[in-house]
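Trainee: Here is the input, now give the coordinates:
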Amino acid sequence: MRFHSLIFTALFAAIGATGALRADTNTKTSSDNTLVRKSTQSTKANQLFGAKAKASRQKPAAIGTYAKGCLAGGAQLPESGPTWQAMRLSRNRNWGHPEMIQFLKDLSAKAAKQPGWAGLYIGDISQPRGGPMLSGHQSHQMGLDADIWLYVPKRLNLSRAERERLSSTNVRAKSQRTVNSNWTQQHANILKAAAQDPRVDRIFITAPAKVWLCENTRGNRKWLQKIRPLYGHNTHFHVRMKCPKGFRGCVTQKPTVAQLSKGGDGCDSTLEWWVTDYLNPPKVKPTKKPKPKKKKRGARQYTMADLPRQCQGVLASN
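Mentor: Numbering: from 1, shown residues only. Now for the predicted structure:
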């Protein structure tokens, strides 16, 4: 009996020690998670997302807004395809929501049917998990934005080095009021094909290109309202997709293009402003000293606390 009593005593002691070890481990894990969470909250979000080389293993989802969000379960645009090549591969920004990746493949196939075009050169889409970038864009954060070069691709066998060195084509004249000789009808045809795609919300391009489209488009002009003038888009056009259906965590841009153009095609005084007052703002004598403007925080200043809560899970996913 004494022998059995000693066995039971040792057994209970072992179970107690194991339980204590488990409790201690759980406490340590919980403490570690808290430390990690606190450290990521204070670290710049672009450093955290910029360090991720692959997409998260999650169901595809565009989360947040174009300029304050992230991308779950992103898809990678292959570096080269039958009608496209991804440019600036060193940036690792050829990732996007699967709907964006499919759109780019579809549009490049249409571009390849244009005389003299082998397809499209695709610029930045998004990082593997979206989020703020280490350099460049304020948007492109949830895999629904893509830059498409205005350079006419004659071949689709560029080396990695060539993709880093090559510069895109400027289609804006020095006056900034009109397009130059680099602009072609084929550029217009590709923009029209992109704008008529129901997945596209809007397209940003230099104002002179929109002016040309307004002056030369015949027949159905409704698609023109999706073409939005914007500075800095004279070597590429920027496609912005609508939020995919069925996910509430994604916010499509407001106001809509229909609201901005008041139901029209956008070929109005708001467009003319870009080639008149924007270039030469009218001089107005101030009546009183203006209040100093608060400097807005850009995407590169965001921490994880600035982004939707779901982005923490996107960042932590394997």
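
Trainee: Report whether the expected contact of residue 217 with residue 227 is present.
Mentor: No. When contacts are counted by Cβ atoms under 8 Å, residue 217 is not listed as touching residue 227 (9.7 Å). C-beta coordinates here come from the backbone N, C-alpha and C atoms, glycine included.

Trainee: For those two, indicate the residue with more neighbours.
Mentor: Counted by other Cβ atoms under 10 Å, residue 217 and residue 227 do not tie: residue 227 has more neighbours, with 27 against 16.

Trainee: ok now do the more buried one, which residues does it touch?
Mentor: 191, 195, 202-203, 205, 209-210, 213, 266 (Cβ atoms under 8 Å, 6 or more residues apart in numbering).

Trainee: Make JSON lines out of these and add pLDDT.
Mentor: Output for the contacts of residue 227, formatted as JSON lines (pLDDT from 0 to 100):
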{"residue": "191", "pLDDT": "98"}
{"residue": "195", "pLDDT": "98"}
{"residue": "202", "pLDDT": "98"}
{"residue": "203", "pLDDT": "98"}
{"residue": "205", "pLDDT": "98"}
{"residue": "209", "pLDDT": "98"}
{"residue": "210", "pLDDT": "97"}
{"residue": "213", "pLDDT": "98"}
{"residue": "266", "pLDDT": "95"}
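
Trainee: Of the residues you listed, which belong to helices?
Mentor: 191, 195, 209-210, 213 (DSSP state H).

Trainee: hmm, which two among those are most spread apart?
Mentor: Maximum pairwise distance in these, criterion Cβ to Cβ, is 12.1 Å, between 195 and 209.

Trainee: In terms of packing, which of the two has more residues around it?
Mentor: Ranked by neighbour count (other Cβ under 10 Å), residue 195 and residue 209 place residue 209 first, with 24 against 20.

Trainee: Next, count neighbours for the closest residue to the more buried one other than its chain neighbours.
Mentor: Of all residues beyond its chain neighbours, the one nearest residue 209 is residue 179 (5.8 Å), with distances taken as Cβ to Cβ, 6 or more residues apart in numbering. Residues lying near residue 179 (other Cβ under 10 Å) number 22.

Trainee: Who is residue 179 paired with across the strands?
Mentor: Following DSSP bridges, residue 179 is listed with bridge partners residue 172.

Trainee: Specify which member of the ones in helices among the contacts of residue 227 is nearest to residue 64.
Mentor: Distances from residue 64 to the ones in helices among the contacts of residue 227, taken by Cβ to Cβ, are shortest for residue 195, at 24.8 Å.

Trainee: Run through the residues that contact the closest one.
Mentor: By Cβ under 8 Å, 6+ apart, residue 195 lies in contact with 203, 223-224, 226-227.

Trainee: Ok, residue 171 next?
Mentor: 150, 179-180, 182-183, 187, 206, 208-209, 234-235.

Trainee: In JSON lines, list those residues along with distance to residue 92.
Mentor: Shown next, in JSON lines, are the contacts of residue 171 (distance: Cβ to Cβ, whole Å):
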{"residue": "150", "distance to residue 92": "23"}
{"residue": "179", "distance to residue 92": "33"}
{"residue": "180", "distance to residue 92": "33"}
{"residue": "182", "distance to residue 92": "29"}
{"residue": "183", "distance to residue 92": "31"}
{"residue": "187", "distance to residue 92": "28"}
{"residue": "206", "distance to residue 92": "27"}
{"residue": "208", "distance to residue 92": "32"}
{"residue": "209", "distance to residue 92": "29"}
{"residue": "234", "distance to residue 92": "25"}
{"residue": "235", "distance to residue 92": "21"}
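
Trainee: between those residues, which has the most around it?
Mentor: residue 206 (27 neighbours).

Trainee: Buried among the contacts of residue 195? Make that a ChimeraX selection.
Mentor: In ChimeraX, this line selects whichever of the contacts of residue 195 come out buried by 16 or more other Cβ atoms under 10 Å:
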select :203,223,224,226,227
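
Trainee: Go through the contacts of residue 195 and name the one nearest residue 72.
Mentor: residue 203 (25.2 Å).

Trainee: Now do the closest one against residue 64, distance only.
Mentor: 21 Å (Cβ to Cβ, to the nearest Å).

Trainee: and the helix or strand harbouring residue 271, how far out from the chain's middle?
Mentor: In this structure, residue 271 sits in helix 269-275 according to DSSP states H and E. In terms of Cα atoms, centre = their mean, to the nearest Å, the centre of helix 269-275 is found 26 Å from the chain centre.
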